[in-house]
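Participant: the amino acid sequence is not available; the structure is as follows:
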C-alpha cells in the first residue's frame with residue numbers, strides 16, 4: 001500500500017488533519033512528532049514541516065528515509081504576489097524556486113549549485129488531483145465556513161491558481177519587498193518558506209510532491225491583522241477539507 005505523507009506548516013492545520021484520523025499513533029524522530037495512521041483507507045504519516053527551508057528539508061528526508069513514504073502532500077498558508085491572487089484563494093504549486101538563493105557570480109541568481117537549475121517541479125498527476133480537490137472544496141466553501149466567516153474575511157468567489165510558488169528564509173510582509181519579488185520573478189503566484197526545500201529533497205529521492213497553499217495575505221504592508229482567526233476559521237478548515245477530499249477520491 002502506498003504510504004502518503006501529510007505535511008502541514010502550522011499546528012492548527014495539522015490538528016485539523018489529525019482530527020480526521022481515527023487511529024493515529026505518535027512517534028518521535030529527530031525531535032519531531034510524526035503521527036502514523038489511516039485516512040479513507042490510506043496509510044498516512046502526518047507531521048509539521050517546521051518553519052524555514054532547513055527544517056523543511058530535514059522533515060522531508062525523515063519522511064522518506066525513516067517512514068518510507070511514497071508521496072508527499074503539503075498544506076499551508078502563503079502570501080499572494082501575482083495580481084488576482086487574493087486572500088482566501090488557494091495556490092497549487094506546479095514549480096518551486098528559492099527566491100533567496102544567490103551564489104552569483106559563480107552561478108546565475110536563483111540557480112541551485114550542483115543542479116544546473118533554479119526550478120523544481122511538483123508531480124504533475126498528484127498536483128492535478130490536488131487542484132481538483134481544492135476546486136471542489138472552494139465550491140462548497142460558503143456552506144463549510146458560514147456567511148459570517150465569509151463576510152469577515154471578505155471571501156468572494158475564491159479561486160484555485162496553479163503555477164510558480166517561491167520560498168525563502170524570511171517572512172515577506174512589506175510592500176517594498178513584495179514589489180521587489182514581483183519584479184524579479186513576475187511568474188510567482190505566492191511566497192512562503194518551505195515548499196522549494198521539500199521540492200529539492202523530493203527531486204533527489206524521486207518522490208512525488210504536491211503542495212497547496214491558502215492565501216492569508218498579500219505579503220505587503222496591509223497583511224491581514226487577524227492571522228490567528230484566519231488560520232483557525234479558514235486555513236485549517238481548507239487544509240482538512242482538501243486532504244480529506246483528495247484521499248477520498250484517490
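Facilitator: Here it is on my side, so go on. Please read these numbers as outputs of a predicted model, since none were measured by experiment. Residues are numbered from 1 along each chain as shown.

Participant: what is the helix or strand of the chain with the lowest mean pLDDT packed up against?
Facilitator: None of the helices or strands of the chain scores lower by mean pLDDT, DSSP states H and E than helix 141-145, at a mean of 80. If you count contacts as 3 or more Cβ pairs under 8 Å, 6 or more residues apart in numbering; DSSP states H and E, helix 141-145 packs onto helix 236-249. In short, each C-beta sits where N, CA and C put it, glycine included.

Participant: flag every buried residue along the helix it packs on.
Facilitator: 236-247 (16 or more other Cβ atoms under 10 Å).

Participant: cool, and stretch 48-63?
Facilitator: Neighbour counts using 16+ other Cβ under 10 Å place 48-50, 52-53, 55-63 of stretch 48-63 among the buried residues.

Participant: picking that back up, buried ones in the least confident helix or strand of the chain?
Facilitator: Buried residues in helix 141-145, counting neighbours by 16+ other Cβ under 10 Å, are found at 141, 144-145.

Participant: where do the helices sit along the chain?
Facilitator: 11-18, 53-65, 124-139, 141-145, 147-152, 175-184, 195-205, 227-230, 236-249 (DSSP state H).

Participant: ranking those helices by mean pLDDT, which is last?
Facilitator: Among the helices of the chain, helix 141-145 carries the lowest mean pLDDT, a mean of 80.

Participant: sorry, back to before: looking at the buried residues of helix 141-145, which one is closest to residue 67?
Facilitator: The closest of those to residue 67 turns out to be residue 144 (Cβ to Cβ; 30.6 Å).

Participant: now do the contacts for the closest one.
Facilitator: Contact analysis of residue 144 by Cβ atoms under 8 Å, 6 or more residues apart in numbering lists 137, 237, 241.

Participant: Serialize those residues to JSON lines and add fields for distance to residue 151.
Facilitator: What follows is the contacts of residue 144, written out as JSON lines (distance: Cβ to Cβ, whole Å):
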{"residue": "137", "distance to residue 151": "19"}
{"residue": "237", "distance to residue 151": "16"}
{"residue": "241", "distance to residue 151": "20"}
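
Participant: of those, closest to residue 149?
Facilitator: Distance to residue 149 across the contacts of residue 144 (Cβ to Cβ) is lowest for residue 237, with 8.8 Å.

Participant: hang on, that closest one packs against residue 19?
Facilitator: No: using Cβ atoms under 8 Å, residue 237 is not in contact with residue 19, being 10.9 Å away.

Participant: residue 26 and residue 45 touch, don't they?
Facilitator: No: Residue 26 sits out of contact with residue 45 when judged by Cβ under 8 Å, with a separation of 10.9 Å.

Participant: name the residue in those two with the higher neighbour count.
Facilitator: Between residue 26 and residue 45, counted using other Cβ atoms under 10 Å, the more crowded position is residue 45 (22 against 11).

Participant: who does that one bridge with?
Facilitator: Note on residue 45: beta-bridge partners residue 5, residue 36, judged by DSSP bridges.

Participant: residues touching it, list them.
Facilitator: 3-6, 34-36, 63, 67, 69.

Participant: now distance to residue 218 too, for the residues you listed, in CSV please.
Facilitator: Shown next, in CSV, are the contacts of residue 45 (distance: Cβ to Cβ, whole Å):
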residue, distance to residue 218
3, 36
4, 32
5, 30
6, 27
34, 33
35, 33
36, 37
63, 31
67, 36
69, 33
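
Participant: residue 209: what's it in contact with?
Facilitator: Residue 209 makes contacts with 71-74, 122-123, 126, 198-199, 202, as judged by Cβ under 8 Å, 6+ apart.

Participant: residues contacting residue 49?
Facilitator: Taking Cβ under 8 Å, 6+ apart, one finds 7-9, 55-56, 59, 74, 76, 194, 198 in contact with residue 49.
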